[in-house]
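[1] just need the structure, nothing else, for what follows:
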Amino acid sequence: MCVYRRDVSYTYREKISVRPDVIHDPTLSRTFDYHCVNCPNTEAVFWQLPESHQEDALALMFVCTGCGTARKEGKQ
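    Reported below is the predicted structural model:
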């Protein structure tokens, strides 16, 4: 058996950096109904940003599995 844990965090007011290998992370949720702005791919991994940051509360970070483009959606 393999157990894997990935903690994604960032400091307030800093740019969110996304590692290119995050699309292979088996612990992240996947959606197959995603519309990438850079390619015709429809699959993406996503996670919710920490609620401790009031400006980004309930925002989701999506990363396209085709081209690796990251996009934050939700509360603006």
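
[2] shaky segments in this protein?
    The chain contains residues with pLDDT under 70 at 1-2, 7-16, 51-57, 75-76.

[3] mind doing that once more with 90?
    For the chain, the stretches with pLDDT under 90 are 1-21, 25-27, 47-61, 71-76.

[4] would you map the strands across it?
    For the chain, strands defined by DSSP state E occupy the ranges 29-31, 44-48, 60-64, 70-73.

[5] who are the packing partners of the third one?
    Translated: strand 60-64. strand 44-48, strand 70-73 (3 or more CB pairs under 8 Å, 6 or more residues apart in numbering; DSSP states H and E). No exception for glycine: its C-beta is placed from N, CA and C like everyone else's.

[6] circling back: return the most buried member of the strands of the chain.
    For the strands of the chain, the largest average neighbour count (mean count of other CB atoms under 10 Å) is found in strand 60-64, namely a mean of 20.

[7] may I have that one as CSV, with CA atoms only?
    Output of strand 60-64 as CSV, limited to C-alpha atoms (Å, rounded to 0.1, in the frame of the first residue of the first chain):
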residue,chain,number,x,y,z
LEU,A,60,-10.5,26.8,-6.1
MET,A,61,-7.2,26.4,-7.9
PHE,A,62,-7.5,24.5,-11.2
VAL,A,63,-4.5,23.1,-13.2
CYS,A,64,-5.1,21.8,-16.7
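
[8] so how far is residue 50 from the closest residue to residue 4 other than its chain neighbours?
    Using CB to CB, 6 or more residues apart in numbering and skipping the chain neighbours, the partner closest in space to residue 4 is residue 27 (5.5 Å). Here residue 27 is placed at a distance of 16 Å from residue 50 (CB to CB, to the nearest Å).

[9] would you turn the strands of the chain into a markdown table with distance to residue 21?
    Output for those, formatted as a markdown table (distance: least, CB to CB, whole Å):
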| stretch | distance to residue 21 |
| --- | --- |
| strand 29-31 | 15 |
| strand 44-48 | 11 |
| strand 60-64 | 10 |
| strand 70-73 | 13 |
